[in-house]
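Colleague: All I have is the shape, not the residue letters:
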């Protein structure tokens, strides 16, 4: 049995002068189809112990995650979920898409945080600084291909300091709570898409590379909901393939916040 996460680390940050801490986690980074999703919960020094049963979303059954959602929403000072679509993943790359989803979630918060606690060791929320070579001109003699475009600046919010922590989803209760909100929101979208494309079994695999999903890709090819810039199993890059008519995932996404 896993050890329950606590608010111990979060409280050290709050006692250090942070008034409102936003805990973030992502889901969907490694999927072949569907959006990438960021969950955020904001806590303060007066926030009580997290609801019983909160764990990293990957350690919980779908039923347990769903039961915890309303309890987490009532417990947090505020919360939000943000998505970036498969098209945006193709256009900007997965890291920039994570940044876009995170900023969309942060932009919905009713209480602006003073600091962000991010699971992992990489701060994907902070936009990269353009490389400047010795001549002082960005990329003037850079032999590498030009980078992908960044998401529109208008989509990005003023970002407070970001603190990363490896395995925060396992040890920090606020991050674990954020992971549950992200997972349940994204799973619900994939179930909606499954009703339109049942051959890919997204209701079960949620867009990840399960055998039934890979088999359907080989038989039917990618849809607009697949990350077609990726090398999809049995397909390769699907950017040039003809796609069946489908409801874009953008039409299914409604911002979630409180």
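Modeller: Received the coordinates, thanks. Predicted, not measured: the structure shown is a model, and the values here were computed from it. Residues are numbered from 1 along each chain as shown.
Colleague: surely residue 101 meets residue 38?
Modeller: Yes. Applying Cβ atoms under 8 Å as the test, residue 101 and residue 38 come out as touching, 4.4 Å apart. C-beta here means a position set from N, CA and C on the backbone, and glycine is covered the same way.
Colleague: Sheet partners, orientation included, of the helix or strand residue 26 falls within?
Modeller: In this structure, residue 26 sits in strand 20-27 according to DSSP states H and E. Next to strand 20-27 in the sheet, as set by DSSP bridges, lie strand 36-44 (antiparallel), strand 115-119 (parallel).
Colleague: want to throw the ones you listed into JSON lines with mean pLDDT, distance to residue 26 and mean neighbour count?
Modeller: What follows is the strands paired with strand 20-27, written out as JSON lines (pLDDT from 0 to 100; distance: least, Cβ to Cβ, whole Å; neighbours: other Cβ atoms under 10 Å):
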{"stretch": "strand 36-44", "mean pLDDT": "99", "distance to residue 26": "5", "mean neighbour count": "28"}
{"stretch": "strand 115-119", "mean pLDDT": "98", "distance to residue 26": "7", "mean neighbour count": "23"}
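Colleague: Adding distance to residue 204 as columns, could you present those in a markdown table?
Modeller: As requested, these are arranged in a markdown table below (distance: least, Cβ to Cβ, whole Å):
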| stretch | distance to residue 204 |
| --- | --- |
| strand 36-44 | 18 |
| strand 115-119 | 25 |
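Colleague: among the ones you listed, which is nearest residue 164?
Modeller: Smallest distance to residue 164 across the strands paired with strand 20-27 (Cβ to Cβ): 5.0 Å, for strand 115-119.
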